[in-house]
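what's the 3D shape of this:
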Amino acid sequence: MASRNVVIGLMFLSQTVVGILGNFSLLYYYLVLSCNEYTLRSTDLILRHLIIANTLVILSKGIPQTIAALGIKYFFNDLGCKLILYIQRVGRSVSIGITCLLSIYQNITISPMNSCWKDLKGKAPRYIGFSISICWMLYMVVNSIFPLYMLSKWSSENTTEKKDYGYCISAGRDKLTYSVYTALFVFPEVVFSVLIIRSSGSMILILHRHKQRVQHIHSLQVCPRTSPESRATQRILVLVGTFVTFHTLSSILNVHIALFPNPTGWLVNTNDLISVCFPTLSPFLVMSHKFHVGRTWSWWRATGLA
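Now for the predicted structure:
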């Protein structure tokens, strides 16, 4: 048992270190650009907020789970437990929402001038800051409603059901309330996932059409190589596949944990590991995807095809 906890703790520690390094590296990158008076684009603003949301998820989940797995348990009191769970949920929700916003904005950016998005090309950047602010405020409010409701309910009723997170124990809630609370978060995640898949599929289709239009340009090359469109398409597929895979698994496990009052330890640890995978990997995937799509779009403009 002890050796298994050490292995789990090392897994959490490795995941946390990689995630923090990835997200803070991006933050440092943008700070350097700001200090050099570089004009940041709308995608840079989106990514900066994604960094913050990802960091909240990693710090609020990775560090407590690492300490708990290494043998130091229940170091948060009831108030601290509610606070750390609140930060986890806000960070997770905002991360998904901003990832969806990034995907849709990139779809609008690379869409040709004769597409249905042509009217939004010039207007979209003006609404990015507003959309990000709404995303933060909405989830900060929504995540506080149920804890405040349950706090008032717990003050008037004696509750015996508890949920063990390893680093703290939180007073339980009735199954109906927990099911409604979970549904409020699962449903938006499903909607955001569908929007990301749809917008990314649209980008793949756009890239494929441009590949067909410029096929003769690539055929003139003496040494054939992978086109910029193909590389960008592969990046999009990796990003979408990673997002859908981890968040689908995490959502399924969250529903299972919500419906059963005493989930097994391995199930909770697996859910925590999976839920931090996308925030850990997204800095590398999103930045790689962003740069490749940006270079491809610049190439289209240079060839007069956009």
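
Count residues in the vicinity of Gly19, would you?
Gly19 has 25 neighbouring residues, counting by other Cβ atoms under 10 Å. C-beta coordinates here come from the backbone N, C-alpha and C atoms, glycine included.

Within the helices and strands, which one has it?
Applying DSSP states H and E as the criterion places Gly19 in helix 2-35.

Next secondary structure after that helix?
Following helix 2-35 in sequence, per DSSP H and E, is helix 42-57.

So which elements touch that next one?
Here helix 42-57 touches helix 2-35, helix 78-110, helix 124-156, helix 265-302, going by 3 or more Cβ pairs under 8 Å, 6 or more residues apart in numbering; DSSP states H and E.

got the angle between that helix and helix 2-35?
150 degrees (axes from the mean of the first three to the mean of the last three Cα atoms, to 10 degrees).

which helices and strands does the next helix or strand after helix 42-57 pack with?
Counting by DSSP H and E, the next helix or strand C-terminal to helix 42-57 is helix 63-69. Using 3+ Cβ pairs under 8 Å, 6+ apart, the elements in contact with helix 63-69 are helix 2-35, helix 265-302.

Mind listing residues that contact stretch 187-199?
93, 96-97, 99-100, 103-104, 106-107, 240, 243-244, 247-248, 251 (Cβ atoms under 8 Å, 6 or more residues apart in numbering).

6 Å - rerun?
Ile96, Cys100, Ser103, Ile104, Asn107, Val244, Ser251 (Cβ atoms under 6 Å, 6 or more residues apart in numbering).

can you redo these as JSON lines with neighbour count and distance to Tyr28?
Below are the contacts of stretch 187-199 laid out as JSON lines (neighbours: other Cβ atoms under 10 Å; distance: Cβ to Cβ, whole Å):
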{"residue": "Ile96", "neighbour count": "24", "distance to Tyr28": "24"}
{"residue": "Cys100", "neighbour count": "21", "distance to Tyr28": "26"}
{"residue": "Ser103", "neighbour count": "25", "distance to Tyr28": "25"}
{"residue": "Ile104", "neighbour count": "21", "distance to Tyr28": "27"}
{"residue": "Asn107", "neighbour count": "23", "distance to Tyr28": "28"}
{"residue": "Val244", "neighbour count": "16", "distance to Tyr28": "29"}
{"residue": "Ser251", "neighbour count": "21", "distance to Tyr28": "32"}
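
and the nearest residue to Asp272 once chain neighbours are set aside, how many residues sit next to it?
Spatial nearest neighbour of Asp272, chain neighbours left out: Gln65 (5.2 Å); criterion: Cβ to Cβ, 6 or more residues apart in numbering. Using other Cβ under 10 Å, the number of residues around Gln65 comes to 25.

Please report the distance of Gln65 from Leu10.
According to Cβ to Cβ, to the nearest Å, Gln65 stands 12 Å off from Leu10.

Quick check: the residue nearest to Asp272 touching Met11?
No - contact between Gln65 and Met11 fails when scored by Cβ atoms under 6 Å: they sit 9.3 Å apart.

could you dump stretch 30-49 to PDB, C-alpha only?
Extracted in PDB, the C-alpha atoms of stretch 30-49 (Å, rounded to 0.1, in the frame of the first residue of the first chain):
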ATOM      1  CA  TYR A  30       4.200  36.800 -23.000                       C
ATOM      2  CA  LEU A  31       5.900  38.900 -20.300                       C
ATOM      3  CA  VAL A  32       9.000  39.100 -22.400                       C
ATOM      4  CA  LEU A  33       6.900  40.200 -25.400                       C
ATOM      5  CA  SER A  34       5.200  42.800 -23.300                       C
ATOM      6  CA  CYS A  35       8.400  44.200 -22.000                       C
ATOM      7  CA  ASN A  36       9.700  44.500 -25.600                       C
ATOM      8  CA  GLU A  37       6.500  46.400 -26.400                       C
ATOM      9  CA  TYR A  38       5.400  43.700 -28.800                       C
ATOM     10  CA  THR A  39       1.700  44.100 -29.800                       C
ATOM     11  CA  LEU A  40      -0.100  41.000 -28.600                       C
ATOM     12  CA  ARG A  41      -2.900  39.500 -30.800                       C
ATOM     13  CA  SER A  42      -6.300  38.400 -29.700                       C
ATOM     14  CA  THR A  43      -5.200  34.800 -29.500                       C
ATOM     15  CA  ASP A  44      -2.400  35.800 -27.100                       C
ATOM     16  CA  LEU A  45      -5.000  37.300 -24.800                       C
ATOM     17  CA  ILE A  46      -7.000  34.100 -24.900                       C
ATOM     18  CA  LEU A  47      -3.900  32.000 -24.200                       C
ATOM     19  CA  ARG A  48      -2.900  34.100 -21.200                       C
ATOM     20  CA  HIS A  49      -6.200  33.400 -19.600                       C
END
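
Lovely, talk soon.
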